[in-house]
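>>> Below is the structure, and that's it, no one-letter string:
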């Protein structure tokens, strides 16, 4: 473990991966290949660790304050990066994927970094755009913030009271006075159809030759570099590493479980699973990827300390076979074609609606299944039929309940890139419930009101006792209620 920021840890593997990316970036900026030793003259080790720590600090702030960066902001940010734009000014998907392969990052890791950068800018702008506050106000605020008080208190709740011998006439009277509070919710029924790229893609037939052609065309995307699983021991001093070698040779150790059970002096150790060459600093990658399988390295000094490496497993490089990725490629081609088909279907549907057809009639003509939804409340967890994501369900419910008229068709983009059309069929307004239907709610509210009446009366009585000299501690004993103490 190199650093800990709140609940987040920075371990060796995370650091080495980030250091490798920064080393590549530095080489590109200077227009020549930079060795780790040269990079250290620029303070790259400290810069990398410092940036990782700062990013995690901001990540905690973002989480603590519930900041949300939406996907459209991230998309706009990615599309503005010159390296991902082709000559026509459009986003180059393959350039983006090459970048992921070169840096060894996943798409989600890049997205998370971009979200963090956007949030950092927002935080900085909100802080830096403030005004100068007068000193007397600052002093008052500071004194108020630093002021401390010790409070003792007892807490009275209405749960201590029991209401018995309830007269039905009292409940009826309460209902008559407050019947506008006992309402059944507004309900709406509607129809919708989901023009889903995922569903459309299932109906699109793709020739195997086209899949093979795409595979050969993008073969570089399916290159899998050599990976290794290693055991690493690292120390600040050569003597500690030499002592570790002696123990390892004496005990003939070749697995991480045994390493963990030995109390090495001043040694950090770890097992790194399936690491790639480009995930490591050059000075370590050359060492690690030249060690034979099931062999320990000689002691090696890097800018990070003294290393001892054992290569446990070697996963050879190569192109992922066509058979293993053909289904993935087929799905990608189907989805590409489905997105084109969506707008053709949408145009056909719009033509039918423009001619006066209802949504049900139009959907029947173009062959898209329509879903009939019975009367529902405006709640986020409404039980909708049909294969919709949670985000699309919520958007559909909100859209339905924002309409003022029935039998008008509207549409919106779904979160998966499709289109959803809907029509409100019936609106049943909220209504006052009858006494019989509202009786449970009436009883609950009436009991709560009666308990509060008793609570207020007792509260005033106890307060008068304290004003007349009874200590809070004695009152706590009399009532058998806990006395709370707190600093504020």
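Everything's here; your move. Nothing here was measured: the structure is a model prediction, and the numbers come from that model.

>>> Where does residue 191 fall, secondary structure wise?
Using DSSP states H and E, residue 191 maps to strand 187-195.

>>> now for that strand, which elements pack on it?
Contact partners of strand 187-195 among helices and strands, from 3 or more C-beta pairs under 8 Å, 6 or more residues apart in numbering; DSSP states H and E: helix 322-354, helix 359-366, strand 371-376, helix 390-402, strand 419-428. For every residue, glycine as well, the C-beta is placed using N, CA and C.

>>> pLDDT-wise, which helix or strand of the chain ranks last?
Using mean pLDDT, DSSP states H and E, helix 135-146 stands out as the lowest-scoring helix or strand of the chain, at a mean of 46.

>>> Just the pLDDT at residue 314, thanks.
pLDDT, residue 314: 95.

>>> could we number from 252 for the rest of this?
Noted, 252 is the first residue going forward, which turns the last one into residue 565.

>>> next SSE after the least confident helix or strand of the chain?
strand 401-404.

>>> and residue 334, that one's in a helix?
Yes: counting by DSSP: H, G, I helix; E, B strand; the rest coil, residue 334 falls inside a helix.

>>> all strands for the stretch 352-501 of the chain, in order.
With strands called from DSSP state E, counting those that start in this stretch, the stretch 352-501 of the chain shows them at 401-404, 434-435, 438-446, 474-475, 478-486.

>>> can you put these in TSV and add mean pLDDT?
Output for the strands of the stretch 352-501 of the chain, formatted as TSV (pLDDT from 0 to 100):
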stretch	mean pLDDT
strand 401-404	77
strand 434-435	88
strand 438-446	93
strand 474-475	88
strand 478-486	93
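
>>> low pLDDT regions in the stretch 452-601 of the chain?
For the stretch 452-601 of the chain, no stretch has pLDDT under 70.

>>> what's the burial count for residue 503?
A count of nearby residues for residue 503, using other C-beta atoms under 10 Å, gives 7.

>>> ugh, typo on my part, it should be residue 693
Residue 693: 21 neighbours (other C-beta under 10 Å).

>>> Okay, the nearest residue to it once chain neighbours are set aside and residue 415: tell me how far apart.
Counting by C-beta to C-beta, 6 or more residues apart in numbering, residue 693 lies nearest to residue 426, which is 4.9 Å off, once chain neighbours are set aside. According to C-beta to C-beta, to the nearest Å, residue 426 stands 20 Å off from residue 415.

>>> Residue 710 too?
Taken as C-beta to C-beta, the span from residue 710 to residue 415 is 21 Å.

>>> what does residue 663 give?
The separation that residue 663 has from residue 415, given C-beta to C-beta, amounts to 54 Å.

>>> got it, and residue 277?
79 Å.

>>> Compare neighbour counts for these two and give me the winner.
residue 277 (17 against 4).

>>> quick one: contacts for residue 414?
698, 701-702 (C-beta atoms under 8 Å, 6 or more residues apart in numbering).

>>> er, residue 336 I mean
Applying C-beta under 8 Å, 6+ apart, the residues near residue 336 are 330, 342-343.

>>> ditto for residue 525
478-480, 566.

>>> Go ahead and build a ChimeraX selection from the buried members of the residues you listed.
In ChimeraX, this line selects whichever of the contacts of residue 525 come out buried by 16 or more other C-beta atoms under 10 Å:
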select :478,479,480
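
>>> ok, so of the contacts of residue 525, who is nearest residue 630?
Nearest to residue 630 out of these is residue 478 (C-beta to C-beta; 48.4 Å).

>>> Isn't the closest one up against residue 526?
Yes: counting by C-beta atoms under 8 Å, residue 478 touches residue 526, with 6.5 Å between them.

>>> Can you report how many residues neighbour the residue nearest to residue 693?
22.

>>> Against residue 561, how distant is it?
Distance of residue 426 to residue 561, computed by C-beta to C-beta: 79 Å.

>>> what's the burial count for residue 635?
Using other C-beta under 10 Å: residue 635 sits among 17 other residues.

>>> same question, residue 674
21.

>>> I figured residue 646 was touching residue 663, is that so?
Yes: here residue 646 lies in contact with residue 663, judged by C-beta under 8 Å, at a distance of 6.3 Å.

>>> Between those two, point out the one with more neighbours.
In this view residue 646 and residue 663 are compared by other C-beta under 10 Å, and residue 646 has more residues nearby, 17 against 13.

>>> Got the confidence number for the more buried one?
pLDDT, residue 646: 89.

>>> State the distance from it to residue 554.
52 Å.
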